[in-house]
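> Test case, fold it:
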Amino acid sequence: MEGDALLCAHREEAGKAGDAGGCGVQEPAEGIEPDILNIKIQPTEGVYLQFNIKTPGETEELTQAKMDFCQNCNLVHRMNTPEAYERLLGACMRGERSWFSQWDQVEISWKYVDQVREQYRSKGLPVYEYEQEGSGPAEADSLLNGFGHKWFE
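Numbering: from 1, shown residues only. Modelled structure (predicted):
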């Protein structure tokens with residue numbers, strides 16, 4: 001499966017129940033460090049990118065390039081920054097409707113969810129549960145292992 005990209009995502013309830021948040025793409029290749037795009041959601045919002053580049057010059061060797069951006073890791077970004085609920089309540093008090101979903105949007109979203117649930121029910125597909133603060137169901141590991149892949153750290 002060399003050359004196939006693997007999308008890895010930690011799926012938590014509202015992004016807060018698991019032990020790690022984020023998603024990324026890992027490009028597996030034997031003997032070469034993987035290319036990784038990790039979108040960090042909470043509590044350290046940011047982006048991490050790791051990829052291989054050809055070393056400049058006459059050599060055919062690869063060098064790893066890494067970029068790491070963390071929105072709230074710098075003190076300047078944390079000072080006097082209102083928490084999400086403070087911002088949400090402020091928007092509500094100011095009547096800023098763009099922060100909130102309209103009823104027709106919510107209704108359409110639930111219709112989609114209901115269709116997915118019905119497909120699962122009608123086809124007898126399993127839903128795998130796992131403990132809060134866990135890293136996901138064991139079946140996710142088995143699925144990846146079956147293709148020779150693994151979750152990246």
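
> Helices along this structure, start to end?
75-78, 84-94, 103-123, 138-146 (DSSP state H).

> buried stuff in stretch 128-135?
Judged by neighbour count (16 or more other CB atoms under 10 Å), stretch 128-135 contains these buried residues: Y130. C-beta: built from backbone N, CA, C; applies to glycine.

> Report the rounded mean pLDDT for it.
Averaging pLDDT along stretch 128-135 yields 84.

> Just the C-alphas of that stretch, formatted as CSV.
Extracted in CSV, the C-alpha atoms of stretch 128-135 (Å, rounded to 0.1, in the frame of the first residue of the first chain):
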residue,chain,number,x,y,z
TYR,A,128,-18.3,0.6,18.5
GLU,A,129,-18.3,2.3,21.9
TYR,A,130,-15.3,3.2,24.0
GLU,A,131,-14.5,4.8,27.4
GLN,A,132,-14.4,8.6,27.8
GLU,A,133,-10.8,9.8,27.9
GLY,A,134,-9.9,6.7,25.8
SER,A,135,-8.2,6.7,22.5
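
> ok, how many other residues are close to Y48?
When neighbours are counted by other CB atoms under 10 Å, Y48 registers 17.

> which ones are touching it?
24, 36-38, 40, 66-69 (CB atoms under 8 Å, 6 or more residues apart in numbering).

> Then S109?
Counted by CB under 8 Å, 6+ apart, S109 has contacts S101.

> pLDDT score assigned to the residue in the chain sticking out farthest from the centre?
Ranking residues of the chain by C-alpha distance from their mean position (CA atoms, centre = their mean) puts E58 at the top, at 38.0 Å. For E58, the model assigns a pLDDT of 92.

> for K40, same thing?
82.

> so it makes contact with N72?
No - applying CB atoms under 8 Å, one finds K40 not in contact with N72, separated by 10.1 Å.

> what do these two both touch?
G46.

> more neighbours, these two?
Set side by side, K40 and N72 show more neighbours around K40, with 19 against 14, by other CB under 10 Å.

> any idea how far that one lies from V47?
7 Å (CB to CB, to the nearest Å).

> F147 too?
For F147, the distance to V47 - CB to CB - is 26 Å.

> Same question for R121.
Distance from R121 to V47, by CB to CB: 37 Å.
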